[in-house]
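*Asks:* Here is my input, please return the structure:
(chains A and B)
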Amino acid sequence: MEPVSGDRWRGVAERSWRPAALLAACVVIWHLVTVTGLVEAYLVPSPGKTFDLLVDKWSYLWGHTWVTTYETILGFVIAGVLGVLVAVAMVYSRTVESTAYPILLFAQVIPKIAIAPLFVVWLGFGFEPKVIVAVLMAFFPVVISTVTGLKSVDAEMLELAATMGGGPVKTFVKIRFPAALPHLFAGLKVAVTLAVTGAVVGEFVGSNEGLGYVILQANGNMDTPMLFAGLIVISVVGILLFLLLDLAEQLMLPWHSSRRGAAVTTLLAKGGS
Amino acid sequence: MSTTLGTTSAVAIDDVSVRFRSKRAETTAIGQVSLDVAPGEFVSIVGPSGCGKSTLLKLVSGLLRPSTGSVTLLGEQVCGPRHDIGFVFQRAALLEWRSARRNILLQAEMRGMSSAEAGRRADELIEMTGLTGFENALPHELSGGMQQRVALCRALLHRPRVLLMDEPFGALDALTREQMNVELHRVWRETGTTVLLVTHSIAESVYLANRVIVLTQRPALVKEVIDVDLPAERDYAETMARSGFAAATARIRDLLGAVTGHD
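*Replies:* Numbering: from 1, shown residues only, chains lettered A, B, ... in the order given. Below is the predicted model:
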C-alpha cells in the first residue's frame, strides 16, 4: 500500500505546489505594494526588509520564540490531559455532565483577553498566567471532541463487549478510547492553534519576554519590520505544532488517516487517492 | 414446555413476555413465549419485521431482562449479560484499527484467555472459515462476507456452547449469503454448538435448522414450530431440491403470509 519513496516525494510535490504558489503570489503582491510606494514604508515594510531583520535579529527572536513555544506546549499538554479526563468523567456520569457543562460553557464564552489581566495580578509576570490563558483557550475543543468521540462508539460493539465479560476498564481501553481517537485528534489540532493564541494574549497583558512582548515592543517603537517578523514567527510556530500533531495522528491512527483521504490538511499526508 | 425440561436444554425460555414503556405508552414486544432448545440443536427463528425476534436473542444473552417469566441458559437462570455465549449481529461490528486476526482475538483479550491457546484457536477458525490470507487485513479492506466471517470467528473463539445470531447475513448479497449458509452449516457440524438464528430468509432458516420457530406479529407469540425433515449432511443444491425442503418453506411462507395478511 505504501508508495515507493520516489512516488511519495512526487506526490508531496503535486499536492504542495498550489499552496506554495499562492503563498509566493501573496509575497509578490506584498512586495509590489511596498516598492510602488502605494503604502508608506514605515506602515508596511517590504518582504526583503522583513526577511533581513529576521536574519539579523535571529538570536533575539529565537530566545523569545522559545518562551512562547514553551508556554504554548505546556498549556496545550495541560489542556489535553485535563480535557480528556473531564470528557471521560462526563461520558461515564450523567451527573458530572449536567453539572460541569454550564460551567464549561461559561469558561469558554468569557473573553480570555478580559480575564488575562486578573491572572497577571494574581500570579505576576512569569510564565504561569500565559500558560493558564493557553489552557483556557485549548481546553474546550478537547473536551467537546473527546465527549463526541467517546459517545460515537457503536452500541452493538458495547453490547458485544458486555457478552465478552471484560468489564468497564477493558472495554474503555480496548474499544471506547481507541474509537474516540480520531475525534480527539481533531480537537487537539484545533486546541494547539488556540494555545498559541492564548500564550501570546497572555504575553500582551503583562510580560517582558515572548513573541507577544516582541510585538508589543515593536508596536510601541513603530518598528513595523520587527512587528511583521514577530507575526511571521508566531504563525510558523502554530503551523509547525499543527503539522506535528497531524504527523502523530498519521503514525498513531494509520487505519483512520488512510481512509480520510488527502483532502484534509497537510502536505505530508500520504493521500489515499 | 415445563421447567423441569430446562435443566436438560441448552436454552429454556419460560412464559417470557417483554413490555417496553415509553413516555406515551406501553408496548408489548413479546407476548407470552416459551421455547426449549436442546444441546447441539440448530433453531431458526422467523417472523414478520419488527416482531421481536432480536429481542428474544437479547433475552437469552442477558442483555435484556424479561418483564415476566424466566430464561435459563445451560441450566443457569439468566440474570445479566452472559459470558458463555457467542453473539453475531447483522453488522460485523469490527474494530476498524485491528486486523482480522486481532479482531478475533479481542474475544480472548476481554476474557483474559491465555494468548497461546487463543492464538491456536484463532488460526483454527481462520482456516475453518476460509479467512486464510486475510489475517492481517483491516476491516475496511475486507468484503462484507469476509467481515461477517471475522465476526463469526470472534463469536466462536472461546468455544461457546450457545451461539446467538441476529440476521448475520442480512446485509450480504444473495450469492455471498448462500456461501455463508453453506459455511455456517459446516462450522455448526464441526463445532457441535447450539445455535439460535434469527433470519428473514425462509430458505436460510430451513436449510440450516433442525427446527424453525415461526413467530406472529408484535406482540410476538410462537405461531408454529416446524420440524425440518432433512438429513444432517446437507449439500446446498441437493437440499433445495428435496421435498422436505419444499414442504417446510411452503409451510413457513403460508404461516408468514397469514400473520402479515399479504396472502
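*Asks:* from here on, contacts and neighbour counts on C-alpha atoms
*Replies:* OK.
*Asks:* what about residue 236, neighbour count?
*Replies:* Went with chain A since none was named. A:Val236 has 12 neighbouring residues, counting by other CA atoms under 10 Å in any protein chain shown.
*Asks:* The intended chain is chain B.
*Replies:* Neighbouring residues of B:Tyr236 were enumerated by other CA under 10 Å; the total is 15.
*Asks:* A:Leu227 and A:Gly212, how far apart?
*Replies:* According to CA to CA, to the nearest Å, A:Leu227 stands 10 Å off from A:Gly212.
*Asks:* Between those two, which has more neighbouring residues?
*Replies:* Looking at A:Leu227 and A:Gly212 with other CA under 10 Å, you find the greater number of neighbours at A:Gly212, namely 27 against 23.
*Asks:* close enough to count as contact, the more buried one and A:Phe204?
*Replies:* Yes - the pair A:Gly212 / A:Phe204 is scored as a contact, 5.3 Å apart, by CA atoms under 8 Å.
*Asks:* Quick one: end-to-end length of stretch A:36-49, please.
*Replies:* End-to-end distance of stretch A:36-49: 15 Å, with CA to CA as the criterion.
*Asks:* which residues are in contact with that stretch?
*Replies:* Around stretch A:36-49, the neighbours that count as contacts under CA atoms under 8 Å, 6 or more residues apart in numbering or on different chains are A:Val27, A:Trp30, A:His31, A:Val33, A:Thr34, A:Val35, A:Met222, A:Asp223, A:Thr224, A:Pro225, A:Phe228.
*Asks:* all helices of chain B, in order?
*Replies:* Read by DSSP state H, chain B holds these helices, from start to end of the chain: B:53-61, B:100-111, B:115-128, B:144-156, B:174-191, B:202-208, B:236-241, B:243-260.
*Asks:* on that earlier part again, who wins on neighbours among the contacts of stretch A:36-49?
*Replies:* Each of the contacts of stretch A:36-49 was scored by neighbour count (other CA under 10 Å); the top score is that of A:Pro225, with 25 neighbours.
*Asks:* Please report how far the closest residue to it other than its chain neighbours lies from chain B.
*Replies:* In space, not counting the residues next to it along the chain, A:Pro225 is nearest to A:Thr50; the distance is 5.0 Å by CA to CA, 6 or more residues apart in numbering or on different chains. Separation of A:Thr50 from chain B (CA to the nearest CA, to the nearest Å): 47 Å.
*Asks:* Which single residue of the stretch 1-150 of chain B approaches chain A most closely?
*Replies:* The minimum distance from the stretch 1-150 of chain B to chain A, using CA to the nearest CA, falls at B:Met110 (4.3 Å).
*Asks:* So that residue is in contact with A:Pro168, correct?
*Replies:* No - when contacts are counted by CA under 8 Å, B:Met110 is not listed as touching A:Pro168 (10.2 Å).
*Asks:* which one of those two has more residues nearby?
*Replies:* The neighbour comparison of B:Met110 against A:Pro168 (other CA under 10 Å) goes to B:Met110, with 19 against 12.
*Asks:* pLDDT at the more buried one, what is it?
*Replies:* Confidence at B:Met110, expressed as pLDDT, is 92.
*Asks:* ok, now B:Gly75?
*Replies:* According to the model, B:Gly75 carries a pLDDT of 85.
*Asks:* In the chain, where is pLDDT below threshold?
*Replies:* Just going to use chain A. In the prediction, chain A carries residues with pLDDT under 70 at positions A:1-6, A:8, A:257-273.
*Asks:* To clarify, I was referring to chain B.
*Replies:* Within chain B, the set of residues satisfying pLDDT under 70 comprises B:1-7, B:258-263.
*Asks:* quick one, what contacts the residue of the stretch 1-150 of chain B closest to chain A?
*Replies:* Taking CA under 8 Å, 6+ apart as the definition of contact, the neighbours of B:Met110 are A:Ala161, A:Met164, A:Gly165, A:Gly166, A:Gly167, A:Lys170, A:Thr171.
*Asks:* Isn't the second one up against B:His83?
*Replies:* Yes - with contact defined as CA under 8 Å, A:Met164 counts as touching B:His83 (5.4 Å).
*Asks:* more crowded one of these two?
*Replies:* It is A:Met164, of A:Met164 and B:His83, that has more neighbours when counted by other CA under 10 Å, with 26 against 19.
*Asks:* burial of residue 119, as a residue count?
*Replies:* As the question left the chain open, I've gone with chain A. Around A:Phe119 there are 18 other residues, counting by other CA under 10 Å.
*Asks:* Please refer instead to chain B.
*Replies:* Summarising burial for B:Gly119: neighbours were counted as other CA under 10 Å, giving 18.
*Asks:* and the residue lying closest to it once chain neighbours are set aside, what is it in contact with?
*Replies:* Distances taken as CA to CA, 6+ apart place B:Leu105 nearest to B:Gly119, at 7.4 Å, with adjacent residues excluded. Each residue near B:Leu105 by CA under 8 Å, 6+ apart is listed here: B:Ala118, B:Gly119, B:Ala122, B:Arg154, B:Leu157.
*Asks:* Please tell me how far B:Leu105 sits from B:Arg111.
*Replies:* Distance from B:Leu105 to B:Arg111, counting by CA to CA: 10 Å.
*Asks:* ditto for A:Met164
*Replies:* Shown here: A:Met164 relative to B:Arg111, a distance of 6 Å by CA to CA.
*Asks:* just A:Phe185 next, same as before
*Replies:* In terms of CA to CA, A:Phe185 sits 30 Å off from B:Arg111.
*Asks:* returning to what we had before: restricted to buried residues, select the contacts of B:Met110 in ChimeraX.
*Replies:* One line in ChimeraX is enough to select the buried ones among these; burial here means 16 or more other CA atoms under 10 Å in any protein chain shown:
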select /A:161,164,165,166,171
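*Asks:* now the contacts of B:Met110 in CSV, with distance to chain B?
*Replies:* Formatted as CSV, the entries for the contacts of B:Met110 read as follows, by distance: CA to the nearest CA, whole Å:
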residue, distance to chain B
A:Ala161, 8
A:Met164, 5
A:Gly165, 6
A:Gly166, 4
A:Gly167, 8
A:Lys170, 7
A:Thr171, 8
